[in-house]
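*Asks:* Could you look at this predicted model? Sequence included:
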Amino acid sequence: MRNITEAASNLIKTLPSDSLFDKFKIPTLLGFAIIILGIFAGVILVSSKQIFISKASPDIAPQNVTVSNLSDTEATISYQTSTPVTSFINFGQITPNEQTILEDKDLSQADEQNPSSGAKPQPRLVHYITLKNLLPKTTYQYKIITGKKLGEIQNLTTASPLNSQVGFRPIIGSVIDKDSPLTEGVVYLSIAGATTQSAQIKASGNFLIPVSQIRKDDLTDTYSLTDDTLAKLIVISNSGSASALFKFKISGNTLPPLELGRDVDLTNFLEPTPKPASPSAQELNEQSSSTNKFDLNGDGRVNATDNAIILQNFGSKPKNNKADLNNDGKVDQKDLDLMAKQINQ
């Protein structure tokens, strides 16, 4: 700006001072002033536009990209974005543009609400996508698309088929956020020398991580879990994070509720053995209101702990018949949905 002003001033000084110039001196100076003001206004407008664009276009690039649940036929890719955005993945063997897969939640919601209409991507902060029907020992290229932003091409390689499976039961748990179930997030299972496993947190706050096909981190063979194998759970969500250290038990791996914002050591945690209710307690339960039937552990509260009890009794032969909330002879997703509604009231 200063250079333009000095140039204009020097130009005026070099002009001849004759009568013709004197006649048009004021209009000429006014013209130079208009030009300078126009340039100044243009600079201001361009700067303002750049600031506006910067504020209107937040970073939607995927962060903390993690590949988990890697097997001979599947792989899960999960990540976060700093602002809610729709997302999907393109993948293939030769180029990443051979197939397109939406987020797991988008696909499941389409199946539940209107199977014929197809899935519609919804904006989210935490993204979880499972690639299925893959070939064993095959390298795939994939590209993450968030909004209209194309990610870089990345690679993953599937494992060989397993000859045997781990005989451990899945890890069952729940996550709470300020006494309410966490409705969106991912739980990662980390074990030294093993592939990362993961699960999405359901709307009722619970999660289930299978470990029957867990592999060595080099994908050569099954990872041999034993009693007291040290493991770590890491919870990631848009509301915060949490973690828990624990030891595997062949008898079962049901953990107490994890709380956002807390990192806990459960290596000495002993799963409580339910005590049979006395006849008087059973009579009281029969006389109590319908709300109390959701208090499965009898602590006077209905929360994620009761939700975990339902998960422990999944199937047609529950150990605790109270977990069959709708009395249809089996404990399933319907009972979880009833519990979730009660907790959210």
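*Replies:* Right, received. Where do you want to start?

*Asks:* quick one: the residue nearest to Lys216 when sequence neighbours are not counted from Ala192, how far?
*Replies:* Leaving aside its sequence neighbours, Lys216 sits nearest to Tyr223 (C-beta to C-beta, 6 or more residues apart in numbering; 5.1 Å). The way it works is simple: take the backbone N, C-alpha and C, and place the C-beta from them, glycine included. Distance, Tyr223 to Ala192, using C-beta to C-beta, to the nearest Å: 10 Å.

*Asks:* now do Ser68
*Replies:* 15 Å.

*Asks:* now swap in Phe207 and tell me
*Replies:* Phe207 is 22 Å from Ala192, by C-beta to C-beta.

*Asks:* more crowded one of the two?
*Replies:* Phe207 (26 against 10; other C-beta atoms under 10 Å).

*Asks:* Show me what counts as buried in stretch 303-320.
*Replies:* Neighbour counts using 16 or more other C-beta atoms under 10 Å place 303-314, 318 of stretch 303-320 among the buried residues.

*Asks:* Next: stretch 229-236.
*Replies:* Under 16+ other C-beta under 10 Å, the buried positions of stretch 229-236 are 229, 231, 233-236.

*Asks:* For Ser78, state which of those residues is nearest.
*Replies:* Ser78 lies nearest to Ile236 out of those, by C-beta to C-beta, at 8.1 Å.

*Asks:* Any idea what that closest one is bridged to?
*Replies:* Val186, Ser241 (DSSP bridges).

*Asks:* so Asp335 sits in a helix?
*Replies:* Yes. Counting by DSSP: H, G, I helix; E, B strand; the rest coil, Asp335 is part of a helix.

*Asks:* if I look at it, how far off is Ser243?
*Replies:* 29 Å.

*Asks:* More neighbours: the two, which one.
*Replies:* Asp335 (23 against 17).

*Asks:* Look up how far Asn206 lies from the more buried one.
*Replies:* With C-beta to C-beta as the criterion, Asp335 and Asn206 are 11 Å apart.

*Asks:* Flag every buried residue along stretch 324-339.
*Replies:* 324-325, 330-331, 335-336, 338-339.

*Asks:* list the contacts for the residue nearest to Lys216?
*Replies:* 166, 191, 193-195, 214-216 (C-beta atoms under 8 Å, 6 or more residues apart in numbering).

*Asks:* Skip the chain neighbours and tell me the closest residue to Gly167.
*Replies:* Per C-beta to C-beta, 6+ apart, closest to Gly167 is Ile250, 7.1 Å.

*Asks:* check contacts around the one you found.
*Replies:* So Ile250 contacts 167-169, 227 (C-beta under 8 Å, 6+ apart).

*Asks:* try Lys143
*Replies:* With C-beta under 8 Å, 6+ apart, Lys143 has these contacts: 89-91, 96-97, 150-154.

*Asks:* Next one: the closest residue in space to Thr157 that isn't next to it in sequence from Asn69, what distance?
*Replies:* In space, not counting the residues next to it along the chain, Thr157 is nearest to Thr139; the distance is 4.6 Å by C-beta to C-beta, 6+ apart. Distance, Thr139 to Asn69, by C-beta to C-beta: 17 Å.

*Asks:* between these two, which one's more packed in?
*Replies:* Using other C-beta under 10 Å, the more surrounded residue of Thr139 and Asn69 is Asn69, with 21 against 10.

*Asks:* can I assume the more buried one is in contact with Asp104?
*Replies:* No. Shown here, Asn69 and Asp104 do not form a contact pair, counting by C-beta atoms under 8 Å, at 11.2 Å.

*Asks:* isn't Lys319 right up against Asn313?
*Replies:* Yes. Applying C-beta under 8 Å, one finds Lys319 in contact with Asn313, separated by 5.8 Å.

*Asks:* Closest to Tyr128 out of the buried residues of stretch 229-236?
*Replies:* The closest of those, once distances to Tyr128 are taken by C-beta to C-beta, is Ile236, at 10.2 Å.

*Asks:* is it true that that closest one touches Val126?
*Replies:* Yes. Using C-beta under 8 Å, Ile236 is in contact with Val126, at 6.7 Å.

*Asks:* Packing partners of the longest strand along the chain?
*Replies:* Of all the elements of type strand in the chain, the one with the most residues (DSSP state E) is strand 75-85. Other helices and strands packing on strand 75-85, by 3 or more C-beta pairs under 8 Å, 6 or more residues apart in numbering; DSSP states H and E, are strand 63-68, strand 124-131, strand 139-146.

*Asks:* Just send these back as a markdown table, with mean pLDDT and distance to Val175 too.
*Replies:* Output for these, formatted as a markdown table (pLDDT from 0 to 100; distance: least, C-beta to C-beta, whole Å):
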| stretch | mean pLDDT | distance to Val175 |
| --- | --- | --- |
| strand 63-68 | 96 | 17 |
| strand 124-131 | 97 | 12 |
| strand 139-146 | 98 | 25 |
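
*Asks:* closest to Asn268 out of these?
*Replies:* The nearest among the helices and strands packed on strand 75-85, by C-beta to C-beta, is strand 63-68 at 27.3 Å.
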